[in-house]
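**Q** Structure of the sequence below:
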Amino acid sequence: MTCSLLLLAALLLAPLGICRGQSIPTRTLAFTTTEGTWLSLDVAPTGDRLVMELLGDVYRLPISGGRAVPILTGTPFQSQPRFSPNGAQLAYISDESGSDNVWIANADGTAPRQLTTRPRAVLLSPAWSADGRAIYVTLVDDIGPRVAEIWRFDVASGEGSREVENSNGMPAPLVSSPAPGAYGAALAADGTALLYASVTPRMYGSRNGAASQVVRRDLATGQASPLPLLATLPMRPALSRDGRWLVFGAVHEGVMGLKVRDMTTGDERWLRRGIDRHELESRATRDVLPGYAFAPDGESVFVAFGGRIHRLGVRDSSDTVIPFSADVALAITPRLELPLRVDTGAVRARRLQHLAVAADGGVAFSALARIYVAPRDGRTPARLTHTLRPREFMPAWSPDGRWIAYVTWDETGGALWKAPVDGRTEPQRLSAGPALWIDPVWSPQGDSIVAITAPLGSSRLAPPPIPPGARMSLPPDARIVAVPAAGGAERTVAPAGGLRSPHFAGATVRLYLTSPAAGLVSVALDGTGRRVEATLARELGRGSLFLSPDGSHVAALVDRRLLRFERQADGVVPTTLVASAATMLSDDTPGSIAWGADGAQLSWLTGSTVSTMPTAHPAPGARVAPAGPRDVALRVEVPRAASSGTIVLQGATVVTMRGDEIVENADVVVRAGRVAFVGRRGDDPVPVGARVIDVAGNVIVPGFIDLHAHIGVTPDLLQPEWTGGFANLAYGITTLRDPQAPPDIFAVADIIDADGVPAPRVFSTGPALALSFSGGHYTGTSLQSLDEVRQAMRTYRDEYDTRYLKSYLIGNRQQRQWVVQAARELGLLVTTEGGADAKANLTHAMDGFAGNEHALPVAPLYDDVVQLLAQAGIAYTPTLVVAFGAALPIFRLHAAERAHTIPKVDRWYPTGDLYERSQTRLLSFPPQDYNDREAGLGATAILRAGGHVALGGHGEVQGLSNHWEMALLAGGGMTPLEVLRVATLEGALALGLGADLGSLEPGKLADLVVLDRDPLLDIRATTAVRYVMKGGVLYEGETLDEVWPVARRLARPWALVR
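**A** Numbering: from 1, shown residues only. Got it, this is the predicted structure:
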C-alpha cells in the first residue's frame, strides 16, 4: 500500500538559536495553568521564594504562592533547578547544547552558562556541594550500557569525576526501565556525606519488581552502606540543613508516599501517603520522583503532587497547598502534517526479494510473490510464469541461462520448481508432496539443484528469527538436498543445522553455506568434511557471508550494511574478517545480494533498485566505494484488486463519525468500493440492480484503524494469508499501521492490495530509525549530522515509497530535531517511540513530531501537559494494553480474558499457538500496581481539550487486543462515542488520510463494520462483528468468507486448518 502526496504546505523558516543554531519553524503555544505535572522545585536559602520547572521552563514563585514568573525560557528543555548554598545561583539541566548538560545561571535566570559538555547522555538531579564549589549529578551515558552513576563536576573548571559507580548489574532489556545505579544525590550540609537512591530495574517477565534503597556514602573514606530504613522501596532522599530530618519516598501496599525519619532517634513515620506514582517502571530521566526541598528551618517540606505544590509539616504532617498560576508561552515547532490519499491505481512493487544474476548480467527476482526476469539494464521486467495466483520466491539461474529454479509457498505448502526463461513450456515441479523448500542453487555442471527442505508440519517448529526481522530460521530437521535437474528422487547431502544459502565457488567440489552463528561453512557434496571458512570479528556483529564464484572475495550482510572483504590468498581457514579490511558498499538495509557469475561484480537490492559494484576496487577500509554503484530501477506494476457494483446495507443504526451524527434506520449505499450515500432509509432511491442486505437491528460504524499494530510479518517466504491479516480484519480492523517492522512488510502490503487478500489495508514505517541496530526492525546509523539524517530517511521515501517513519530513541534532542527537519523537507510523517521517557515525550510534542507511541509514564497528567499535547496536535497513541509506568496491563488481560478459549480468536492461530503466547507467561499483580486507568484519564483529557488520541492494540492478540484497548480507554473515562472516534476518525487523521478513511460519508472508501450489538450502550460490543467491509468488499465477521461482490469461502492456510 502506498500513498500519493497531495500537498506539502510550505513553512517559512525562522532562526531559532537552539540546539547549535539550526533554523526550524516555530509558533507560540500560550495558555494559563494552575497545575503542574512532575514538578521539581527548590526553596531559596532565604526562605522567601521557590523555583520550579514547568514544561521545560523554570519559574520563580513567592513562598506563599501566587503568580509564577518565568526566569529561564525558550526552546531548550530546562528542568530540576537547585539553588546554590548562598542562594546566588541556580544549577539546572538543559538541552540547549543539543544534549542534556548541567547549566548554571544567576538566581534570577540571567547569565546562563554551560558547565558540562556531554554529547550524548541523560543528566538529572543536580545537587550543590555544601561549599558551593561542586555540583553532583546523576549521569546516564547513552554511549555504552545504560547505567546511572553520580558524577562530581567542579563549578569553576567544569572538570568531572565519577563519584558513585553502578553496582546493580546490567540494564534490563525492556525499554521502559530505569538505568541501574545511583540516583538523586543529596548532600549533607556539613559536607561529610552523600545520600542517594540505589536502583535496580525490574527484569522483564519477572514478578519481582524494581528495587530501591537509600545509601549513605562517606565523602572522606568513600565507604557506602544502605540506611536501615523501615520502608518498602525507599528512594529520593532529602536532608534538612541541620541534618536531623530525612525525607524520602516509599511505597505502602502499592501506594506512593513520603516518609520522614528523625536521624537522631531513628524514628520513622509517614509524612504523606497518596502522592503521584514513582518512575521505577520508567526511564526516570528526571529521577524516580520529582525534586522536593526542605524549608531553611527544616520544619516543613515543599513537594508537588496532585498537580499542586504542598507544604508538609515535618512534625505534624500538616498539608498546606501553595497555589500558583503560570502564564505559559512556549515556542514550539508546528506538527508534521501531510494530506494524503489512499492509492487506488496500479500496485507498484516496493520491496523486491531474492536477487539472482545471470552470466549475461540479466537479473531474476521475486516481486509481489511472482518471479520476474529482466535484462541487465532493468527494462521491462517480465514474469517468468503465468500462474494466476502465484506465490513464487528465490529464483536461481542455471549455468547456461536457459532455466530458472524457484520455490513456492502458499496455503497448501511449498515446492521446488524449474521453468524455462523463454516461457515456451510450462514450469516443471521437481519435488513431491508439499514441504518447506528454500534457497535453491544449480550445481556448476547444471545437472542438479541443491536446496534446503523440511517436512511441512515441522516448518512450524522453526524458531523465530533472531534478531527479529532477520532471515527466516529453519526447523531442526531441515536438510540440504540435491535434486536432479531433469527430475527424480532427492538425495540428502547433510542436515542443515541452521545453515542457509548454499552456493558454489570456483572449480571446487565443495558447497558453501552460511548462518549468523556459524559464519561461512563448507561441506563436500557427500556431506562430509564440514569446516568453517570465515567468521566475522566480534566488533562487526553477526551476519550472513557469501563467497564470490571465483573464491576471491566474501560479501557480508551485517545488520543493515553490506560489506565486502578480500579473501586471504594463503588458504588458511578459518579467516576472521575484521572491520579494517571491510569495504562498505551500502548501509541502506539491502534486502538480498548476488554475485555475478564470474565474481567480477556484486549486486544488491534496496527497495526496488538493484545496485551493482565491480569487485576490483576500492581499497580495503574505504567506507563507500569512490565511484559508487550503478543503480537500476526495476519497475513492476500489476492491477490493484478492486470492488465493483453497488450494494445497499439497509435498516441499521449508523454511527457516521461526522461529528456526533447517528442515523437510525439508515441506508448505506456503496458503489465501486466507495460510500455513495448515508441517510435515512428511503431518502434516496435504491439504485437499480443493487444488492440489498437487510441489517435491521444492527449498528454500523466506520472500519477500525489500528495505529500501533505489530502484525508479525515473516521474512523470505512471504505469507499474506496469515494470522495478523485474518484476525485483524475479522475483528473489524480495516486499516492498520505497523510502526516498526522489517522492510518485507511493504512487500506483504503490496501483495494484499494486488491480490485482494482478506486483510486490513497495511501501512508501515518499515524499520525504525535508530542509532543502534537490533535486527530488521531498526536501521542503525550514527546520525551525527543533518545530512546523515537526510540520507538515512531518503530510503523510506525513494525506495519503500512510504510517507511514514518511526524515530526510535535515536539519541539527544538535536538529533531528534534533525529528524523532524529532514522529514519536513522530504515530505514524511514521523512518529516516535515514547520509550517511557516523559521528558522526551514532551519535547516530541514541542519539536513537531507527528505522533508519540505509547503512554506517557507519568500519571495522572495535569493541565499543563494536557494543554501542551492537545494544542501541539501530536497524535498520541497510548497503547494502554502495555501502558508504561507500572505493571503491564497485558498480563492482567491475558489472565482475565483467556483469548485462547474464544473460538473466533483461536481459529486464526495455529493449533496451540495462542495458548502458548498468552497463557504461559502470566504474572499476577494487585490492582494498585497498574496505572492504565490513570493513563486513560490522561488520554481522555487530551482528547477533550481538542487533542488527538489514536487506537493501538500493539499486536498482543491479533485483532482482539484492539478491543481490549477500547475497553481500557472507556475505563479511563471516555464515552463510547469518544472511544469510537479514537478507533476510527482519529487514526485516519493521524495517517493524513482523513479524506478517504475514518468516517462514513459520500466519497470515502467503504470501510465499515456491522455489529450485532450497540457499542454506544456497551463498548465491549465492538467485538460482535457480523460483517466487515473493506474497500467495498463484504466479509462474514466470523469466517471471513466473502459475501459480496463474489460469494466465496476463505481458503485457509494449512497451518490454520484444525
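**Q** When you work out contacts or count neighbours from here on, use the C-alpha atoms and nothing else.
**A** Will do.
**Q** contacting residues around Trp103?
**A** When contacts are counted by CA atoms under 8 Å, 6 or more residues apart in numbering, Trp103 touches 91-94, 112-116.
**Q** Now pLDDT, neighbour count and secondary structure too, for those, in JSON lines please.
**A** Listed next are the contacts of Trp103 as JSON lines, based on pLDDT from 0 to 100; neighbours: other CA atoms under 10 Å; DSSP: H, G, I helix; E, B strand; the rest coil:
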{"residue": "Ala91", "pLDDT": "99", "neighbour count": "27", "secondary structure": "strand"}
{"residue": "Tyr92", "pLDDT": "99", "neighbour count": "28", "secondary structure": "strand"}
{"residue": "Ile93", "pLDDT": "99", "neighbour count": "29", "secondary structure": "strand"}
{"residue": "Ser94", "pLDDT": "99", "neighbour count": "25", "secondary structure": "strand"}
{"residue": "Pro112", "pLDDT": "99", "neighbour count": "16", "secondary structure": "coil"}
{"residue": "Arg113", "pLDDT": "98", "neighbour count": "12", "secondary structure": "strand"}
{"residue": "Gln114", "pLDDT": "99", "neighbour count": "18", "secondary structure": "strand"}
{"residue": "Leu115", "pLDDT": "99", "neighbour count": "22", "secondary structure": "coil"}
{"residue": "Thr116", "pLDDT": "98", "neighbour count": "21", "secondary structure": "coil"}
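**Q** What is the most widely separated pair among those?
**A** Pro112 and Thr116 (12.6 Å; CA to CA).
**Q** Can you get me a residue count around Pro25?
**A** For Pro25, the number of neighbouring residues by other CA atoms under 10 Å comes to 17.
**Q** Surely it and Pro334 touch.
**A** Yes: the pair Pro25 / Pro334 is scored as a contact, 7.0 Å apart, by CA atoms under 8 Å.
**Q** So for the residue nearest to the spatial centre of the chain, what pLDDT did the model give?
**A** Most central in the chain under CA atoms, centre = their mean is Gln740, positioned 4.4 Å from the mean C-alpha point. Per-residue pLDDT puts Gln740 at 92.
**Q** element containing it, please.
**A** Assigned by DSSP states H and E, Gln740 falls within no helix or strand.
**Q** got a list of what the nearest residue to Gly66 once chain neighbours are set aside touches?
**A** With sequence-adjacent residues excluded and distances taken as CA to CA, 6 or more residues apart in numbering, Gly66 is closest to Phe324, at 4.7 Å. Listed by CA under 8 Å, 6+ apart, the contact partners of Phe324 are 34-35, 61, 65-68.
**Q** In terms of residue numbering, what are the domains of this protein?
**A** What automatic domain parsing lists as the domains of the chain is 27-332, 350-637, 642-703+998-1058, 704-995.
**Q** any idea which of these scores lowest on pLDDT?
**A** Mean pLDDT values for the domains of the chain show the minimum at domain 350-637, a mean of 90.
**Q** What is the distance between that domain and the centre of its chain?
**A** In terms of CA atoms, centre = their mean, to the nearest Å, the centre of domain 350-637 is set 29 Å apart from its chain centre.
**Q** Over to stretch 983-1002?
**A** Taking CA atoms, centre = their mean, the mean C-alpha location of stretch 983-1002 is offset from the chain mean by 22 Å.
**Q** Start and end of that stretch, how far apart?
**A** With CA to CA, to the nearest Å applied, stretch 983-1002 spans 20 Å between its terminal residues.
**Q** What of stretch 189-202?
**A** 33 Å.
**Q** wait, what's in contact with Asn232?
**A** Quick fix: residue 232 is Thr, not Asn. Contacts for Thr232 (CA under 8 Å, 6+ apart) come out as 250-252.
**Q** repeat for Thr514
**A** Listed by CA under 8 Å, 6+ apart, the contact partners of Thr514 are 499-502, 520-521, 544-546.
**Q** got the CA coordinates for stretch 964-976 in PDB?
**A** Only the C-alpha atoms of stretch 964-976 are listed here, as PDB (Å, rounded to 0.1, in the frame of the first residue of the first chain):
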ATOM      1  CA  TRP A 964      -9.200  -4.600  24.900                       C
ATOM      2  CA  GLU A 965      -7.700  -1.200  24.200                       C
ATOM      3  CA  MET A 966     -11.100   0.300  23.500                       C
ATOM      4  CA  ALA A 967     -12.300  -1.000  26.800                       C
ATOM      5  CA  LEU A 968      -9.300   0.400  28.600                       C
ATOM      6  CA  LEU A 969      -9.900   3.800  27.100                       C
ATOM      7  CA  ALA A 970     -13.500   3.600  28.300                       C
ATOM      8  CA  GLY A 971     -12.200   2.700  31.700                       C
ATOM      9  CA  GLY A 972     -10.200   6.000  31.500                       C
ATOM     10  CA  GLY A 973     -13.400   8.000  31.300                       C
ATOM     11  CA  MET A 974     -14.100   8.200  27.500                       C
ATOM     12  CA  THR A 975     -17.700   7.800  26.400                       C
ATOM     13  CA  PRO A 976     -18.400   5.100  23.900                       C
END
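**Q** Need the residues that contact it.
**A** 879-881, 893, 932-940, 951-953, 979-980, 983, 1015-1020.
**Q** let's see it at 7 Å
**A** The contact list for stretch 964-976, computed with CA atoms under 7 Å, 6 or more residues apart in numbering, reads 879-881, 933-934, 936-937, 940, 953, 979, 1015-1016, 1019-1020.
**Q** next one: that stretch to chain centre, how far?
**A** 23 Å.
**Q** okay if I get the contacts of Thr514 as JSON lines plus secondary structure?
**A** Below are the contacts of Thr514 laid out as JSON lines (DSSP: H, G, I helix; E, B strand; the rest coil):
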{"residue": "Leu499", "secondary structure": "coil"}
{"residue": "Arg500", "secondary structure": "strand"}
{"residue": "Ser501", "secondary structure": "strand"}
{"residue": "Pro502", "secondary structure": "strand"}
{"residue": "Leu520", "secondary structure": "strand"}
{"residue": "Val521", "secondary structure": "strand"}
{"residue": "Ser544", "secondary structure": "strand"}
{"residue": "Leu545", "secondary structure": "strand"}
{"residue": "Phe546", "secondary structure": "strand"}
